[in-house]
Structure formats: structure tokens, C-alpha cells
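**Student:** from the sequence below, what's the structure:
(one chain, ligands or ions: 2)
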Amino acid sequence: MKIAVLSRNPKLYSTRRLVEAARARGHEVDVIDHLRCFMDITSENPTIHYKDREIRRGDYDAVIPRIGASVTFYGNAVVRQFEMMGAYCVNESVAIARARDKLRSLQLLSRKGVGIPVTAFAYSPDDIKSLIREVGGAPLVIKLLEGTQGVGVVLAETAKAAESVIQAFMSLKNSILIQEYIKEAGGSDLRCFVVGGKVIAAMKRQAADGDFRSNLHRGGRAELVKITAAERATAVKAAQVIGLNVCGVDILRSDRGPLVIEVNSSPGLNGIEQATGKDVAGMIIEFIERNARPDRTRTRGKG
Ligand code: ADP
Ligand code: MG
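**Tutor:** Ligands and ions are numbered 1, 2, ... in the order given. A predicted model of the protein is given here:
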């Protein structure tokens, strides 16, 4: 097969591992920087211009999108263009867009009965007090809708602090959501790595001392963990609801069972491969081998 990895940096651990795993299985791989692609969408024959060449229908059998949060809009447009050209994208553009918007994902998850922390959302600063009441008062967590790697996630210990932080974010015209603080998670969460509807690896991440955010980018530590059947089922359901074939489902262990906080469409491979010793990149390539067919994108034609 000919595989394209959409990534801004071929040196990143995850990108390197995907390239390595694909080559080890006899595939041809190119790393394509999505920000250097431009798209011809006027003709009936959609193409992508990349550096000094043209990518046409049939040039790649499969695409692995690794789209950074800061370039979701453009990166996802490139994924969509590949879909229009009939390439099999392991995660489809519509699902990536769903996952990137925390509010949209939580709305979809709650509609399908997946456990999530009590979450509230409002537009106007007048609603702040009722917003805080809605999630059961302080302490509570405030999140930027499109934040990632723990940046833009704040724990407000008191209602007064919560009010000020919410006001500040709102005055900067940032969209935020307010969430019940799951204290019993003790600064840890589960990262369940789902490939093709199965949890293929899981780790527990523990926040650094004095922090409540377990992101590895914020100094969290990862360790191998055995997850329960309920946690496994929750992760699989969340991946299915968002529509991602490859994703990292983050779960808090609460007194009322597993609660999903987010579904990541480009989960890092470094932490999970190290914590579990598993060849996660190889499993992603194997999934592609089993599933890549031209014109397979489910949402094709529906935007
Ligand atoms: P990001 O997209 O920035 O990773 P998350 O929503 O995943 O944002 O939050 C980052 C971390 O903060 C989580 O991994 C978890 O450890 C902690 N966290 C997030 N929401 C809550 C919550 N409602 N209660 C307790 N801890 C939380
Ligand atoms: Mg997270």
C-alpha cells in the first residue's frame, strides 16, 4: 500500500513510529505537511498540490491524519480533500472536527448515554452564577472549548475564584465550558487507546504533585493499568459515538463509574507505547491493512 501520514514534523515520535511500522510491513510511506498542501477544489477532479508535485486520485491508498490542535481547520480541510479523492482516511474529517470541539463531543456522548462529568455552557456573563450552581458549585473545572494538552483547563477552588476566571475568559471572547470537579479521580485519568472499536492499550496518568491535570505534557506520569470491563465498554462506545477508528479516550474514575472527559483524534504514541510496551503504531497499520478501500469514507457527500 501507499500510505500518507499527515504530520507537520517527521521527527515527532508518533510520526516516526507510524512510518517505521508501515515500512516494516512492506508499505510505502510519505510524511506530508498538511500546511504546505494547497487544494484545487474547483475542478471535477480534486487534487492536492504539495511542494512541487500534484497528488491525484489513487496516489495514496490510505491517509493517517495527525492534525495538531492549532491547525484543525486547515488540516481537516486537507483530510476532506483526500476523502474527496477517494483515499481511505483512518480517521475521517467529520469525526476529527467533532472530537476537537469539547462541547460538541460531550453533547454527542451524553445523548448516547456515555457517562460524562456534569457540564454546563453559557454565552452571556449574566449567567455565571446559575452556571456555577448548575455544576454543583465550587470546586469546579473551567475549560477552553478547544484547549489541548492541559493548557486552558483551570481548577477553581471557590465560587468567587470561579466567577473571576469565567469572567476573564468570557471577556477575552473565549468559549468555555464549566464542569463538575471529579475529586476522587485524585489527579489521575485513564487513557484508553482505541483502534478499530477495541481498546488495544491503556495507561493511567497521574498528575505531577500540586496539579490536577494528568497530561504528560504537564508533567504527568504514565503507568500500565488494568481497566475494568465497564471502562473498556465506555471507551469503545465513546470512540464509536464520535466516529473515530483511532483515538485516545480519556476517562476519570469516579464514584459513579467511568466518566469520559475527552476523545483525542491524534493521540500521542510515545507515552502509551512506553507505558505498555505495545507496538501501537503496528496495530494502527494492521487496522489500515484490513480496512483501507477506496471511497470508504462514510460521511462522503454529507459534509
Ligand atoms: P486537554 O484537552 O487540555 O487535555 P482535558 O479535558 O483532557 O483537557 O483535561 C486535562 C486534564 O485535567 C485531564 O487529563 C484530567 O486529569 C484533568 N481533568 C479534566 N477535567 C476534569 C474534571 N472534571 N475533574 C477532575 N479532573 C479533570
Ligand atoms: Mg486531555
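**Student:** pull up the residues of the chain that are close to ligand 1.
**Tutor:** Counting by C-beta under 6 Å from any ligand atom, the positions of the chain adjacent to ligand 1 are 117, 141, 143, 147-150, 153, 179-182, 185, 189, 207, 212-215, 250, 252, 261-262. Any C-beta I mention is one placed from the backbone N, CA and C, and that applies to glycine too.
**Student:** what about those residues, which are in strands?
**Tutor:** Per DSSP state E, strands hold the following members of these: V141, K143, G147, T148, V153, Q179, E180, D189, D250, L252, I261, E262.
**Student:** neighbour-wise, give me the winner out of those residues.
**Tutor:** The most crowded member of these, judged by other C-beta atoms under 10 Å, is D189 (26 neighbours).
**Student:** from R290, how far out is it?
**Tutor:** 30 Å (C-beta to C-beta, to the nearest Å).
**Student:** do the same with Y88
**Tutor:** With distances taken as C-beta to C-beta, Y88 is found 11 Å from R290.
**Student:** who has more neighbours, the two?
**Tutor:** More crowded of Y88 and R290, by other C-beta under 10 Å: Y88, with 22 against 8.
**Student:** quick one: pLDDT of that one?
**Tutor:** Here, the pLDDT recorded for Y88 equals 96.
**Student:** same question, the one 10 residues further on
**Tutor:** The predicted local confidence for R98 comes out at a pLDDT of 94.
**Student:** hang on, it in a helix?
**Tutor:** Yes. Under DSSP: H, G, I helix; E, B strand; the rest coil, R98 falls within a helix.
**Student:** mind listing what it touches?
**Tutor:** R104, S105, L108, I242, G243 (C-beta atoms under 8 Å, 6 or more residues apart in numbering).
**Student:** what backbone torsions are found at the residue nearest to the spatial centre of the chain?
**Tutor:** By C-alpha atoms, centre = their mean, the chain has its centre lying nearest to N264, at 1.5 Å. Dihedral pair for N264: phi -100, psi 130, per degrees, to the nearest 10.
**Student:** hey, where'd the helices end up in this protein?
**Tutor:** All helices of the chain, identified by DSSP state H, fall at 13-24, 72-84, 93-100, 102-111, 128-134, 159-171, 229-242, 270-276, 280-291.
**Student:** would a markdown table of these with distance to ligand 2 be doable?
**Tutor:** What follows is the helices of the chain, written out as a markdown table (distance: least, C-beta to the ion, whole Å):
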| stretch | distance to ligand 2 |
| --- | --- |
| helix 13-24 | 16 |
| helix 72-84 | 15 |
| helix 93-100 | 11 |
| helix 102-111 | 9 |
| helix 128-134 | 22 |
| helix 159-171 | 18 |
| helix 229-242 | 13 |
| helix 270-276 | 12 |
| helix 280-291 | 17 |
